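K.L.:
With the sequence up front, the predicted model follows.
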Amino acid sequence: MSPASTFSNSEPSVCCTGQAFAGVCDDLHAEYSRNGDHYCVLHYPSEDKGEQFRQVLDEKLRDTHSIDLRGIWVPIEFSSYFRDHAFSVEANFSGATFRGLADFYGTEFSSVSFRNATFCGEASFSSRFRGDTVFDHAIFCEVSKFRDAEFFCGEVFFVGTDFCKEASFAKTKFTRNVNFSRATFCENVLFDGTEFHGDVDFQQVAFVSQALFHGTAHNQVFCAEKRINFRNVEIDDPSQISFHTVTLRSAWFVDVNPREFNFTDVNWYRLRSWR
């Protein structure tokens with residue numbers, strides 16, 4: 001048998017990912033094989049899945065209880081499959097691999113998880129999120145764009161996420177708490193016109209390159225009454241960290257030395273009781 005092929009019904013019909021992603025493909029025949037492992041069409045790591053992959057995805061998206069797409073392998077051909085789609089129920093993409101562009105422009109989510117997902121190409125999430133959103137330990141191999149994304153109602157998690165290329169959260173709106181703890185930004189990250197209305201946790205985040213927090217007179221990025229945590233951030237070059245037209249509190253920089261950061265037109269907030 002060749003490294004990648006289909007096989008007859010007399011051979012094993014259970015997808016090799018079944019134990020890790022139990023329930024995702026229990027009703028699918030594992031008709032593909034690669035290097036001795038058998039796969040269903042959702043999990044088969046190949047560009048050659050075509051119409052059958054589309055049919056199974058279409059069926060999954062019709063589920064009215066929850067949409068379980070854990071561990072799926074999305075070919076380049078389907079880069080824009082989820083663009084402008086409205087998820088009215090919880091969706092789970094944990095462990096998924098997006099081989100090409102992950103185009104979620106205009107997509108609306110209820111609660112969604114991309115925990116441990118891998119984005120091999122550029123990722124575009126100019127989307128609306130209406131519940132808890134999880135990107136914990138996801139890997140963005142190329143540029144990631146959350147420009148104009150809106151996170152409503154739920155909390156947002158980027159714990160341990162790897163941003164291998166530039167990341168943009170320009171004009172992104174976070175209504176509730178967001179957690180970036182232990183995330184790694186390998187290249188520039190932009191928080192230009194970002195709105196944080198809840199607590200923000202940057203504890204132990206690694207900023208390898210430039211990080212820019214840039215507000216305006218009407219949007220100073222952070223909410224002074226909330227808890228913003230920069231404790232123990234790891235910074236290769238402090239001069240590459242910039243805060244421009246934002247509201248800050250000195251207590252947010254515990255266990256970090258901000259002396260070489262660039263501060264321009266910063267509003268250093270003080271509680272009335274301190275005056």
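P.N.:
Noted; the coordinates are in hand.
K.L.:
show me where the protein has helices.
P.N.:
50-61 (DSSP state H).
K.L.:
Domain map for it?
P.N.:
1-64, 79-274 (automatic domain parsing).
K.L.:
Show me which of those has the highest average neighbour count.
P.N.:
Mean neighbour count (mean count of other Cβ atoms under 10 Å) peaks for domain 79-274 among these, with a mean of 18. The C-beta positions use only the backbone N, C-alpha and C, and glycine is treated the same way.
K.L.:
Give me the mean pLDDT for that domain.
P.N.:
Domain 79-274 carries an average pLDDT of 96.
K.L.:
How about stretch 43-55?
P.N.:
Per-residue scores along stretch 43-55 average to 94.
K.L.:
Dump the domains of the chain into a markdown table; add distance to Trp73 as well.
P.N.:
Listed next are those as a markdown table, based on distance: least, Cβ to Cβ, whole Å:
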| stretch | distance to Trp73 |
| --- | --- |
| domain 1-64 | 5 |
| domain 79-274 | 5 |
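K.L.:
partner residues bridging Phe119?
P.N.:
Phe98, Phe140 (DSSP bridges).
K.L.:
Would you enumerate the residues in contact with it?
P.N.:
98, 102, 138-142, 144 (Cβ atoms under 8 Å, 6 or more residues apart in numbering).
K.L.:
how does it look with 6 Å?
P.N.:
98, 102, 140 (Cβ atoms under 6 Å, 6 or more residues apart in numbering).
K.L.:
cool, Asp103 as well?
P.N.:
For Asp103, the contacting residues are 79-80, 83, 124, by Cβ under 6 Å, 6+ apart.
K.L.:
quick one: the residue lying closest to Glu260 once chain neighbours are set aside and Phe207, what's the gap?
P.N.:
Nearest non-adjacent residue to Glu260, counting by Cβ to Cβ, 6 or more residues apart in numbering: Pro238, 3.6 Å away. To Phe207, Pro238 is 9 Å away according to Cβ to Cβ, to the nearest Å.
K.L.:
Check Ile241 too.
P.N.:
Distance from Ile241 to Phe207, by Cβ to Cβ: 6 Å.
K.L.:
same deal with Val254?
P.N.:
17 Å.
K.L.:
separation between Gly148 and Tyr32?
P.N.:
In this structure residue 148 is Asp, not Gly. 38 Å.
K.L.:
okay, the contacts of Phe119 in JSON lines with distance to Phe202 next?
P.N.:
Below are the contacts of Phe119 laid out as JSON lines (distance: Cβ to Cβ, whole Å):
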{"residue": "Phe98", "distance to Phe202": "26"}
{"residue": "Ala102", "distance to Phe202": "24"}
{"residue": "Phe140", "distance to Phe202": "17"}
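K.L.:
Show the contacting residues for the residue nearest to the spatial centre of the chain.
P.N.:
Nearest to the geometric centre of the chain sits Phe135, at 4.0 Å (Cα atoms, centre = their mean). Neighbouring residues of Phe135 by Cβ under 6 Å, 6+ apart: 114, 158, 161.
K.L.:
of those, closest to Asn177?
P.N.:
Phe158 (11.7 Å; Cβ to Cβ).
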